[in-house]
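In: Give me coordinates for this.
(chains A, B, C and D)
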There are 2 protein chains.
Amino acid sequence: MSTPPLRRKRATVHDVAVEAGVSRGTVSRVVNGERYVSEEARVAIEAAIVKVGYVPNNAARNLVMQRTQAIGFIVHEPHSLFLEDPNIGEILLGANTALSDADYQMACLIVDSERDTDRVARYLSGGFVDGVIIVSARQNDPITKVVERLEIPAAFVGHPPDLARAPFVGIDNRGSARSITERLLGTGRRRVGMIAAALDRDSGADRLAGFTDALGARFDPALVERVPLYSYAAGRAGMHALLERAPDIDGIFAASDAVAAGVLDALREAGRSVPTDVGVVGFDDSAWAVRAQPALSTVHQPAEGLGRAVAESVLSQLRGEDQPAGGILLETPIVWRDSA
Amino acid sequence: MSTPPLRRKRATVHDVAVEAGVSRGTVSRVVNGERYVSEEARVAIEAAIVKVGYVPNNAARNLVMQRTQAIGFIVHEPHSLFLEDPNIGEILLGANTALSDADYQMACLIVDSERDTDRVARYLSGGFVDGVIIVSARQNDPITKVVERLEIPAAFVGHPPDLARAPFVGIDNRGSARSITERLLGTGRRRVGMIAAALDRDSGADRLAGFTDALGARFDPALVERVPLYSYAAGRAGMHALLERAPDIDGIFAASDAVAAGVLDALREAGRSVPTDVGVVGFDDSAWAVRAQPALSTVHQPAEGLGRAVAESVLSQLRGEDQPAGGILLETPIVWRDSA
DNA sequence: GATTAGTCTGTGCACGTTCACAGAAAATGC
DNA sequence: GCATTTTCTGTGAACGTGCACAGACTAATC
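Out: Numbering: from 1, shown residues only, chains lettered A, B, ... in the order given. Below is the predicted model of the structure:
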């Protein structure tokens, strides 16, 4: 015997109106904070609202306003990396708080396989969201194409290289990479290499460019090892490969903290001590950094702030405001710990 | 100059009806898969749907059906732990896939401060969700009280001790803890202790109980160190304290992998080698486990499966189906690696 | 042939809100 | 005192769907 839902029916704007002795229109005006309502009516309505316990019905409001009050949060990453990379979690958290403060829902869409691409494309075309946040877009990303074609308000975390003027928030990956590499060079290292990761993404490519900038004439391409992902495993394997090729290396810029954690373990396995034999710096200032042995010197990435900012950007577009050209870059202080 | 939204209007059920030469009612019937519609009408309507690109309007449907098609996902944890604990992320992922397969939205609600409690309580009372998933309920949790009072369909991950017969999914924490402790004892350890965490939660208390079960008469309360959270930092501090008290300890059951990672580092700092001097086992089989040095022996927690199952439970309640009494327990195989 | 049961279809109403409009009352200008 | 503006309020029409109902047609039964 299944219990009937038993949800006592909610108060409507009409109930408030009769309680306050006014019309629906006036109630609507005070609920939405519009002008042209007398002080007398306002207090009566406000009292009536608390008395009958009125809460606006979103479905009705959305129906007449032709909107959904939901924002898609699209992550184009394998499931496993979504979990391993703490940045994404923090970005999600920041975006979620900003969105819920503005009474928006967040719909998480994780794109892993081809099948997911179709599913998300269909979802987007279905008009289930008013806008989208896109977290790790690749070059020639099919999802990005769908968003572009549908002309949905969108904002990116990181700069998608093939989208001319899409609003984005990000950090100065290149400048930050240059700064921390310079700082690493300042500790007196002579053979400094890099584990470069995710070069198909703007962040990965920019971090490598910043590294090259810092080294200038001293740059030696043989000291750069390229790995596909920002992951612990990739960092460990990459470092082993690099040590094979250049045993005299004494400094490493790892493209992320997860990569750096792999680097540290590879160095330990090879019998090198950090920072005495080799100095290591990372990027992100994630949980990996403090947990590593020794604690990582790294670039602080304001992930939660990025999430909040990217959400604000979409919200601002929805309000029809002008967008700052060229996107927003957040500050990235260097955090110096023990690994270099 | 703000661009006007320019969203070309979507096709409605009425557009499909005129295209197929039938009435709205018939279109509605085929869209919802009801009986009593001729084969002829069905094919005409299906063709018309793809031709005009019809997608049902959720807001209108929700309005008339008196529902929201959204499920709240409530996490009662500090923000930091939400990120550090990989289980929660995986549960979220599993729940999200199950929910979106059923065309439900997921609304993430993270409760950290007192202020959040009020916000979420108000959100729940507002009727913005049809049901809720509750992830880490404490005893006497105010959020749980609100859910109970509102009589919203709910399902828990883990068993809230003060709710008599609330549907839940979980694992047999006590049995699993007993099994892995027995296995640890089987490696010939004589002084086996535990870093017990989060005793205000059912999982924490049950893991300690399982440990006690396994030791039986050999149980020594002095070998149990209690720490507040399932965190790396707590594990490290707890292990240092325990070593102070019992330097002859040769086996440790850590209440979670994150705790175990802290234990490993504390043991390294104290100059003990694992597993030679001390055997260590964890709980969760999270990313921490494989990343640890040495890799952790641990209990595999099917986190993504828990998320999927808890979502299915709420969905099933929404369909008005009978609930299995006593909740659902998922399997937890032991994964034996190098740390013991 | 009349009655009944079963299948199929169209119409009007309801869901709860916002918005445009009309009109009343009050304030302001000459 | 009349015209004009400003402030305030109520009314009806949407928005797009599901559902109850009525009616039409077919097939089976008496």
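In: Could you find the closest non-adjacent residue to A:R190?
Out: The spatially closest residue to A:R190, leaving aside those adjacent along the chain, is A:D250, at 6.2 Å (CB to CB, 6 or more residues apart in numbering or on different chains). For glycine as for every other residue, the C-beta is placed from the backbone atoms N, C-alpha and C.
In: looking at it, the one you found is touching A:V280, isn't it?
Out: No - using CB atoms under 8 Å, A:D250 is not in contact with A:V280; the gap is 10.3 Å.
In: ok, now which ones touch the residue of the stretch 101-250 of chain A found nearest DNA strand C?
Out: Nearest to DNA strand C in the stretch 101-250 of chain A, going by CB to the nearest atom of the strand, is A:D103, at a distance of 11.6 Å. Each residue near A:D103 by CB atoms under 8 Å, 6 or more residues apart in numbering or on different chains is listed here: A:Q69.
In: Which pLDDT value goes with the nearest residue to A:S125 once chain neighbours are set aside?
Out: With sequence-adjacent residues excluded and distances taken as CB to CB, 6+ apart, A:S125 is closest to A:L150, at 6.4 Å. At A:L150, the model reports a pLDDT of 82.
In: With A:F82 instead?
Out: 68.
In: just A:L163 next, same as before
Out: According to the model, A:L163 scores 68 on pLDDT.
In: which residues of the stretch 1-150 of chain A score low on pLDDT?
Out: A:1-8, A:80-86, A:137 (pLDDT under 70).
In: swap in the stretch 151-300 of chain A?
Out: Scanning the stretch 151-300 of chain A for pLDDT under 70 picks out A:161-164.
In: the strands in it, which residues?
Out: A:154-157, A:168-171, A:192-197, A:224-227, A:251-254, A:279-281, A:298-299 (DSSP state E, counting those that start in this stretch).
In: circling back to that earlier point, for the residue nearest to A:S125, the count of nearby residues, please.
Out: Using other CB atoms under 10 Å in any protein chain shown, A:L150 has 14 neighbouring residues.
In: Could you do A:K9 as well?
Out: Neighbours of A:K9 (other CB under 10 Å): 7.
In: element containing it?
Out: Per DSSP states H and E: A:K9 is located in neither a helix nor a strand.
In: That one and DNA strand C, how far apart?
Out: 6 Å (CB to the nearest atom of the strand, to the nearest Å).
In: Please list all residues in contact with that residue.
Out: Counting by CB under 8 Å, 6+ apart, A:K9 makes contact with nothing.
In: and what of the one 10 residues further on?
Out: With contact set as CB under 8 Å, 6+ apart, A:E19 has these partners: A:A48, A:K51, A:V52.
In: Neighbour count, secondary structure and distance to DNA strand C added to these, as a markdown table?
Out: As requested, the contacts of A:E19 are exported to a markdown table (neighbours: other CB atoms under 10 Å in any protein chain shown; DSSP: H, G, I helix; E, B strand; the rest coil; distance: CB to the nearest atom of the strand, whole Å):
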| residue | neighbour count | secondary structure | distance to DNA strand C |
| --- | --- | --- | --- |
| A:A48 | 21 | helix | 12 |
| A:K51 | 13 | helix | 15 |
| A:V52 | 15 | helix | 11 |
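In: and of those residues, the nearest to chain B?
Out: Closest to chain B out of the contacts of A:E19 is A:V52 (13.4 Å), distances taken as CB to the nearest CB.
In: Tell me if I'm right that that closest one and A:V18 touch.
Out: No - applying CB under 8 Å as the test, A:V52 and A:V18 come out as separate, 9.4 Å apart.
In: Just the helices from the stretch 151-300 of chain A, written as ranges.
Out: With helices called from DSSP state H, counting those that start in this stretch, the stretch 151-300 of chain A shows them at A:173-185, A:202-215, A:232-245, A:257-269, A:287-291.
In: Now distance to DNA strand C and mean neighbour count too, for those, in TSV please.
Out: What follows is those, written out as TSV (distance: least, CB to the nearest atom of the strand, whole Å; neighbours: other CB atoms under 10 Å in any protein chain shown):
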stretch	distance to DNA strand C	mean neighbour count
helix A:173-185	41	21
helix A:202-215	39	22
helix A:232-245	50	20
helix A:257-269	46	25
helix A:287-291	43	21
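In: can you tell which of the ones you listed is closest to DNA strand D?
Out: helix A:202-215 (38.6 Å).
In: What residues does chain A have near DNA strand C?
Out: Residues of chain A found near DNA strand C (CB under 7 Å from any atom of the strand) are A:9-10, A:12-14, A:24-25, A:28, A:31-32, A:54, A:56-57, A:60-61, A:63-65.
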